[in-house]
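S.K.: would you be able to build a 3D model of this:
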Amino acid sequence: MGLMAPVENGQIVETESQKSLKKAVKSTNDSMDKEAFLQLLVAQMQYQDPLQPTSNTEYISQYAQFSQVEQMQNLAATSELGRATSLVGQEVYVKTTGTDGEPKYVYGKVDYVAFENNKAYVSIEESLYSLDDLVNVVDVVYKNAFDKGYAFSIDMNKLPAVGGIDLSHGEAIDDLEKRYNEMTDYEKSFIATETLTKLNKYVERLKELRAMAEEAEKNESEDSEGDGDSNTEEPEGTDEA
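M.R.: As a prediction, this is how the structure comes out:
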């Protein structure tokens with residue numbers, strides 16, 4: 001299967017996953033590893049002043065310091081791998097940068113973890129992201145409750161003021177009332193008190209409008225029946241001879 005990438009204005013556009021990986025690789029390359037240290041050590045020995053050579057003690061001291069740093073890096077890498085592994089199966093948010101340079105968040109479940117060059121990467125929907133870009137770990141129940149509360153508030157704000165509603169808004173208000181009543185107590189806790197108060201006012205106002213409409217329909221029906229009775233003519237009697 002060939003690799004595919006989005007193209008814009010004739011140039012390949014990096015995905016959020018690719019940007020995350022590139023940043024992680026750069027961070028890894030910026031740190032000194034054991035091989036780099038040994039190369040510097042050889043260069044130092046090769047180009048040292050023969051009249052004032054570096055003592056063996058100094059070399060040993062430098063190597064000991066580097067060994068301590070290397071052990072700390074290995075410990076940090078092990079800790080990072082353990083942290084990443086614990087995220088498998090969890091719902092997370094990863095912060096990346098969009099094509100417009102603005103922050104963008106990727107949400108999804110961590111399917112597996114990759115570890116390369118002492119860096120951990122989490123896989124979300126078959127794309128790898130650096131663990132450094134992890135923002136939040138989210139409980140699914142919390143996420144669903146939050147989404148329900150957010151969507152509920154958005155739909156509430158689509159309605160006019162309480163005094164401005166009419167019967168055409170009845171279906172939307174009925175739906176909101178039904179959705180709230182079907183929520184669990186935990187999900188209801190994500191609905192602001194003022195939002196619930198506003199919903200109750202909508203429901204009461206809608207009841208009033210429907211009662212007024214029924215009363216008007218009833219009066220109209222009675223008027224129609226009354227008009228029908230008044231228009232009924234008495235049958236003509238037979239004249240006596």
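
S.K.: can you map out the helices along the chain?
M.R.: Using DSSP state H, the helices of the chain run over residues 16-30, 34-46, 56-85, 140-157, 170-181, 185-188, 193-230.

S.K.: spit out the contact partners of the residue lying closest to His169 once chain neighbours are set aside.
M.R.: Of all residues not flanking His169 in the chain, Leu159 sits nearest, at 6.0 Å (Cβ to Cβ, 6 or more residues apart in numbering). C-beta coordinates here come from the backbone N, C-alpha and C atoms, glycine included. The contact partners of Leu159, by Cβ atoms under 8 Å, 6 or more residues apart in numbering, come to Ile165, His169, Ala172, Ile173, Tyr202.

S.K.: contact partners for the fourth one?
M.R.: Taking Cβ under 8 Å, 6+ apart as the criterion, Ile173 is in contact with Leu159, Ile165, Leu199, Tyr202, Val203, Leu206.

S.K.: and the residue nearest to His169, how far from Tyr202?
M.R.: As judged by Cβ to Cβ, to the nearest Å, Leu159 and Tyr202 stand 7 Å apart.

S.K.: overlap in contacts, these two.
M.R.: Ile165, His169, Ile173.

S.K.: remind me which residues of the chain are low pLDDT?
M.R.: 1-38, 40-41, 44-81, 225-241 (pLDDT under 70).

S.K.: just checking, what packs against the longest strand that the chain contains?
M.R.: In terms of residue count, the longest strand belonging to the chain (DSSP state E) is strand 103-116. Helices and strands touching strand 103-116, by 3 or more Cβ pairs under 8 Å, 6 or more residues apart in numbering; DSSP states H and E, are helix 56-85, strand 91-97, strand 119-124, strand 127-130.
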